[in-house]
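Peer 1: Sequence first, predicted model second:
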Amino acid sequence: MEPKPIADPAPVEEPGPVVEPLPVVEPGPVVEPGPVVEPEPVVVPVPDPVVPVSPAPGEGGNELAQPDAAEQLHEEVEAELAAQAPEPAARPRRVEGPEWRGIVLVTGTDTDVGKTIVTAAIAAAAQAAGLRVAVIKPGQTGTVLGVPTDVEQVQRLAAPHTARTLATYPEPLAPLAAAKVAELPPLELYEVVDAIRAEAERHDLVLVEGAGGLLVPMGVRPSGEAWTFADLATTLGVSTVVVARAGLGTLNHTALTLEALARRGVPAGVVLGAWPADPELVHWANLSELVPHLVGALPDGAGGMEPGVFRRSAPGWLTPALHGVIDNWRTWADEVH
């Protein structure tokens, strides 16, 4: 038997780099999900509502139990008017807030409501309090009538440190209309603003008296568009005194003027320009409605007083906001009744 041939041995390969095997991660035990447990609701205690209870007569009560001053005042005046009692129905009310300084505008619900005399009274009261006062009348109309101008009346009654009229027109019309009729230059808004601000740098209080009511056309802007006293108030960003009548019809006119100012963001207070010597029920009723806005009330005929008497009396017609001394309308009403 022939021997099998011996095969050549296979070539020996050099060993390559040793690769460590990846560790085998054994899967953990499978946990069956348990039942879902709903969390218990958290109950937040809610306090019982506070029910204000009016205190019994003679007992004290907390602030929440007291009706506001306007509501009490309304109830009082209704009762007194129903009984036609002669006693005044105005409830005492202290006027809060700081004194008005800087620039203050004086407008009215209409013409001939007493703006000039009120302006003089504020000037007199402020000077009595030690302030340096200027009074400016942007546009004086009706000079053809030959009567004293508004600034002349203020000078006679109050003698402010400075009193100026920026423009005068003959005809007794609104300033812009009077300028057109006379063919004179109308009041330019920013010239008026500059003149007022210049006086404010030299005085503690600058009173600017308007013409007629709040929306009477006063002059023109550089664009030629008309401007009103309301535009002057918003341009200057200052408070405004609204002079109103005391008699029938004043509530609507005053409310309209205050609303127009409020929509423009202008703070305002009301002064009654002529409180009658013998007030009727309508006057007391109007007074009670206006008390939340009142910062003063002048007696009828105040403009005819001797200047020294006027100046001494003026603080007693105004609240502390206008440098006066009225802090209780009931006391004021008792004194003038």
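Peer 2: All right, it came through fine.

Peer 1: Can you pull up the most central residue in this structure?
Peer 2: In the chain, the residue lying closest to the centroid (C-alpha atoms, centre = their mean) is residue 267, at 2.0 Å.

Peer 1: now it, nearest residue through space, not along the chain?
Peer 2: Nearest non-adjacent residue to residue 267, counting by C-beta to C-beta, 6 or more residues apart in numbering: residue 239, 4.5 Å away. The C-beta positions use only the backbone N, C-alpha and C, and glycine is treated the same way.

Peer 1: Point out where this protein drops to low pLDDT.
Peer 2: For the chain, the stretches flagged by pLDDT under 70 are 1-97, 337.

Peer 1: ok, which stretches of it are strands?
Peer 2: All strands of the chain, identified by DSSP state E, fall at 102-108, 133-141, 162-169, 187-188, 205-213, 217-220, 226-228, 239-244, 268-275, 294-299.

Peer 1: how much space is there between the residue nearest to the centre of the chain and residue 249?
Peer 2: 25 Å (C-beta to C-beta, to the nearest Å).

Peer 1: go on, residue 177?
Peer 2: Taken as C-beta to C-beta, the span from residue 177 to residue 249 is 25 Å.

Peer 1: show me the contacts for the residue nearest to the centre of the chain.
Peer 2: 239-240, 261 (C-beta atoms under 8 Å, 6 or more residues apart in numbering).

Peer 1: Output these in TSV; the columns should cover distance to residue 306 and neighbour count.
Peer 2: Converted to TSV, the contacts of residue 267 look like this (distance: C-beta to C-beta, whole Å; neighbours: other C-beta atoms under 10 Å):
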residue	distance to residue 306	neighbour count
239	30	20
240	30	26
261	35	21
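
Peer 1: Between those residues, which sits nearest residue 133?
Peer 2: residue 239 (15.4 Å; C-beta to C-beta).

Peer 1: In this structure that closest one contacts residue 265, no?
Peer 2: No. Counting by C-beta atoms under 8 Å, residue 239 sits too far from residue 265 to count as a contact (11.1 Å).

Peer 1: mind listing the helices for this protein?
Peer 2: 69-83, 115-128, 150-158, 175-182, 189-200, 229-236, 250-263, 281-290, 307-313, 329-336 (DSSP state H).

Peer 1: Distance to residue 169 for those helices - can I get that in TSV?
Peer 2: Listed next are those as TSV, based on distance: least, C-beta to C-beta, whole Å:
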stretch	distance to residue 169
helix 69-83	42
helix 115-128	17
helix 150-158	13
helix 175-182	4
helix 189-200	14
helix 229-236	16
helix 250-263	24
helix 281-290	33
helix 307-313	28
helix 329-336	37
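
Peer 1: if we can go back for a sec, out of the strands of the chain, which gets nearest to residue 324?
Peer 2: Within these, the stretch nearest residue 324 is strand 294-299; the backing value is 6.4 Å (C-beta to C-beta).
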